[in-house]
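S.K.: the following comprises the amino acid sequence and a computationally predicted model.
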Amino acid sequence: MAPKGRGRSTTQNSEGAAGAERPQGSKKVKKSSGVKSETYERYIYKLLKNAHPKMGISKQAMAIMNCCVNDAFERVSLEAVKLSRLSKSKVLAPRDIISACRLVLPGELSKHAVAEGSKTLMRYKQFTGKGNRAEEADIK
C-alpha cells in the first residue's frame, strides 16, 4: 500500500480545490439525486391565472395544493386497482377509474370529475384519431 501524502501534487487537478482550473470545454457534471418528485405546480398556476388573473400564490400554499393533488390521484388510483382486482381483471379499465372517482370524491365533485374526464378523453381520441364506438359507449 502506498503511503498517504498530506497534500495533493500540483499535477493532479482537483475539482473541489479553490482556484483549481478545469480544461477548457469541460463542464462540471452534477449528480442527480435519484428520486424525481412529480409536481403539478405549473398546472395549478395556470388554473389560478385562468380563474383569477390578478392573484398570486405563495410557495407554501403551492406546496399544500401539490400535496392535495398527489393525495387525490393516489386515492383514486388505489381504489381503481382494488376494483380491478375485485373484477379479477389484469387490465385497468376506464370503467374502474370512473367508479373509483365516484367512490373517492364526494357528491357533485365526482360528477364534475367524471364529466370533465370523459370530455377530455373524447378530445384526445379525436385529436389522435384513436378510439372506437364500443369504448365511447362504455365511458358514457
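M.R.: That came in fine, so what should we check first?

S.K.: so who does the residue most central in space within the chain touch?
M.R.: Nearest residue to the geometric centre of the chain (CA atoms, centre = their mean): residue 38, 3.6 Å. Counting by CB atoms under 8 Å, 6 or more residues apart in numbering, residue 38 makes contact with residue 70. (Glycine included, C-beta is placed from N, CA and C.)

S.K.: what's it sitting at in phi/psi?
M.R.: phi -90, psi 120 (degrees, to the nearest 10).

S.K.: quick one: it from residue 95, how far?
M.R.: In this structure, residue 38 and residue 95 are 25 Å apart, going by CB to CB, to the nearest Å.

S.K.: now residue 129
M.R.: For residue 129, the distance to residue 95 - CB to CB - is 23 Å.

S.K.: more neighbours: which of those two?
M.R.: residue 95 (15 against 6; other CB atoms under 10 Å).

S.K.: pLDDT wise, what is the more buried one at?
M.R.: pLDDT for residue 95: 90.

S.K.: pLDDT weak spots in the chain?
M.R.: 1-23, 25-26, 30-34, 131-140 (pLDDT under 70).

S.K.: max-length helix in it?
M.R.: If you go by DSSP state H, the chain has its longest helix at helix 59-86.

S.K.: check which residues of it are buried.
M.R.: 62, 65, 66, 69, 76, 79, 80, 83, 84 (16 or more other CB atoms under 10 Å).

S.K.: all the helices of this protein, in order from the start?
M.R.: 41-51, 59-86, 94-104, 107-128, 133-139.

S.K.: neighbours of residue 27, how many?
M.R.: Neighbours of residue 27 (other CB under 10 Å): 6.

S.K.: again with residue 104
M.R.: Quick note: residue 104 (other CB under 10 Å) scores 18 neighbours.

S.K.: hang on, it packs against residue 73?
M.R.: No - look at residue 104 against residue 73 with CB atoms under 8 Å: they stay out of range, at 10.1 Å.

S.K.: picking that back up, how about CSV for the helices of the chain, with distance to residue 29 added?
M.R.: Below are the helices of the chain laid out as CSV (distance: least, CB to CB, whole Å):
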stretch, distance to residue 29
helix 41-51, 27
helix 59-86, 29
helix 94-104, 41
helix 107-128, 38
helix 133-139, 46
